[in-house]
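Asker: I would like the atomic coordinates for the input below:
(one chain, ligands or ions: 2)
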Amino acid sequence: MLIVMDHNATEEQVKAVQKAVEVMGLEAKPIPGSERTAIGVLGNQGYVDDATIRELPGVRECIHVSKPYKLVSRDFHPESTVVEAAGVRFGDGQRPVVIAGPCSIENEKQMLDAARQVKAAGGQVLRGGAFKPRTGPHSFQGLGVEGLKLLRQAGDAEGLPVITEVMRIDQLEAVCRHADILQIGARNMQNFDLLKEAGRSGFPVLLKRGMSATIEEFLAAAEYLLAEGNERVILCERGIRTFERATRNTLDLSVVPLIRQMSHLPIIVDPSHATGKRPLVPVMAKAALVAGAHGIMVEVHPEPEKALCDGAQSLSGEGFASLMGEVEGLLKYLGY
Ligand code: PEP
Ligand code: MN
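Answerer: Ligands and ions are numbered 1, 2, ... in the order given. The predicted model follows:
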């Protein structure tokens, strides 16, 4: 529930309302905003009877928010959040961030080469998967902790912060030891226990949209992270499953402006998993930036034709450099 106070409500009246909320065993969260004084009510498991609150002096109205997400919504947090992660800033007013690197960490040379290419072209964060959620058990499953070490080594060699996926709670400790940003993948978007633990870790989290998740489900999943006190959450659209098989997924670009309206959290786009096709990646990466994405995440491999995972959608080092040249011009045009 949102309690909206009169414009001329006194500080005492606001305090009295907060107290009344607490007496009901609920949490009162002051909501900053220039146009109104509002108090968010959290902690209820169902409908809140607002009869006593409505009668208090200074209260203009009580708005019942029936969405499964509150902390991630603009209702409860009107100002846009800028997420700072290892010196990189994602969000409104910030130059969009480019995350790049291979789908999977394969060996030391591949990772060092990839890191060099990402850095040289102007990428700001290095990606690479050590724990891979593969569709079938016979596919390369990732190097595990050994891979985390190679990712860290390559990031350090080029001065790039690193992001990698965590699939299970028991991998969190190792991933937090080696990475700067945690990635929760599409397949785990609704792994609520993992979300809770990732929230408690205090690490910045990149949350990818589940392949069949509605926007409401996506935001409700992010709510689990914020409910643990972790506000450093970056959302990522990576394509959704539709009837269309010509592309790996269908890139739902309209979620970018929509989520920017609905939530204060930054949102980036992964055009690699969204399309599955290398020739489509650069154009959709640029489209994402035009749509207002706070960044992009692109798969880059030194030798895409030899990649152990997702080679068909990976850009080569040269392909990435060429995209970055275009991104540079586009960002200038967009005023960055
Ligand atoms: C990935 O980014 O490596 C990945 C597996 O993506 P998704 O979870 O979006 O499929
Ligand atoms: Mn991949």
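
Asker: what residues does the protein have near ligand 1?
Answerer: Residues of the chain lying close to ligand 1 (Cβ under 6 Å from any ligand atom) are 103, 129, 133, 165, 185-187, 208, 238, 273. For the C-beta atoms, the positions are set from N, CA and C on the backbone; glycine is no exception.

Asker: please indicate which of these are buried?
Answerer: 103, 129, 165, 185-186, 208, 238, 273 (16 or more other Cβ atoms under 10 Å).

Asker: can I get the residues of the chain next to ligand 1 in a markdown table including distance to Pro282, pLDDT and secondary structure?
Answerer: What follows is these, written out as a markdown table (distance: Cβ to Cβ, whole Å; pLDDT from 0 to 100; DSSP: H, G, I helix; E, B strand; the rest coil):
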| residue | distance to Pro282 | pLDDT | secondary structure |
| --- | --- | --- | --- |
| Cys103 | 17 | 98 | coil |
| Gly129 | 22 | 98 | strand |
| Pro133 | 25 | 96 | coil |
| Glu165 | 24 | 98 | strand |
| Gly185 | 23 | 98 | coil |
| Ala186 | 22 | 98 | helix |
| Arg187 | 26 | 98 | helix |
| Lys208 | 20 | 98 | strand |
| Arg238 | 16 | 98 | coil |
| His273 | 15 | 98 | helix |
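
Asker: returning to what we had before: out of the buried ones among the residues of the chain next to ligand 1, who's nearest ligand 2?
Answerer: Of all those, ligand 2 sits closest to Cys103, with 3.2 Å by Cβ to the ion.

Asker: for Ala198, see how far away whichever residue of the stretch 51-200 of the chain sits closest to ligand 1 is.
Answerer: Of all residues in the stretch 51-200 of the chain, the one sitting closest to ligand 1 is Gly185 (2.9 Å; Cβ to the nearest ligand atom). Computed as Cβ to Cβ, to the nearest Å, the Gly185 to Ala198 distance reads 12 Å.

Asker: next: Pro204.
Answerer: Pro204 sits 10 Å away from Ala198, going by Cβ to Cβ.

Asker: when those two are compared, which one has more neighbours?
Answerer: Using other Cβ atoms under 10 Å as the criterion, Pro204 and Ala198 rank with Ala198 on top: 28 against 24.

Asker: am I right that that one is in a strand?
Answerer: No - looking at Ala198 with DSSP: H, G, I helix; E, B strand; the rest coil, it is helix, so not inside a strand.

Asker: contact partners for it?
Answerer: Applying Cβ atoms under 8 Å, 6 or more residues apart in numbering to Ala198 gives the contacts 166, 172, 182, 184, 205, 225, 230.

Asker: just to revisit the earlier point, which one of the residues of the chain next to ligand 1 is nearest Ile53?
Answerer: For the residues of the chain next to ligand 1, the closest approach to Ile53 (Cβ to Cβ) belongs to Lys208, at 38.5 Å.

Asker: that closest one touches Gln190, doesn't it?
Answerer: No - Lys208 is beyond contact range of Gln190, at 11.4 Å (criterion: Cβ atoms under 8 Å).

Asker: in the stretch 1-150 of the chain, which spans are strands?
Answerer: Remark: strands assigned in the stretch 1-150 of the chain by DSSP state E, counting those that start in this stretch are 2-5, 27-31, 38-42, 59-63, 83-85, 88-90, 97-101, 125-127.

Asker: so for Gly311, which of those strands sits nearest?
Answerer: The nearest among the strands of the stretch 1-150 of the chain, by Cβ to Cβ, is strand 97-101 at 13.8 Å.

Asker: is that closest one anywhere near ligand 2?
Answerer: No - judged by Cβ under 5 Å from the ion, strand 97-101 and ligand 2 are separated, with a smallest distance of 10.1 Å.

Asker: that strand - what's its average pLDDT?
Answerer: Strand 97-101 shows a mean pLDDT of 98.

Asker: what is that strand packed up against?
Answerer: In this structure, strand 97-101 makes packing contacts with strand 88-90, helix 108-121, strand 125-127, strand 295-299, helix 317-333, judged by 3 or more Cβ pairs under 8 Å, 6 or more residues apart in numbering; DSSP states H and E.

Asker: and if we set it to 6 Å?
Answerer: Secondary-structure packing of strand 97-101 (3 or more Cβ pairs under 6 Å, 6 or more residues apart in numbering; DSSP states H and E): helix 108-121, strand 125-127, strand 295-299.

Asker: burial check on the nearest residue to Arg116 once chain neighbours are set aside, number of neighbours?
Answerer: Of all residues not flanking Arg116 in the chain, Glu158 sits nearest, at 6.2 Å (Cβ to Cβ, 6 or more residues apart in numbering). Glu158: 16 surrounding residues under other Cβ under 10 Å.

Asker: pretty sure Glu158 contacts Ala115?
Answerer: Yes - between Glu158 and Ala115 a contact is recorded at 4.4 Å, counting by Cβ atoms under 6 Å.
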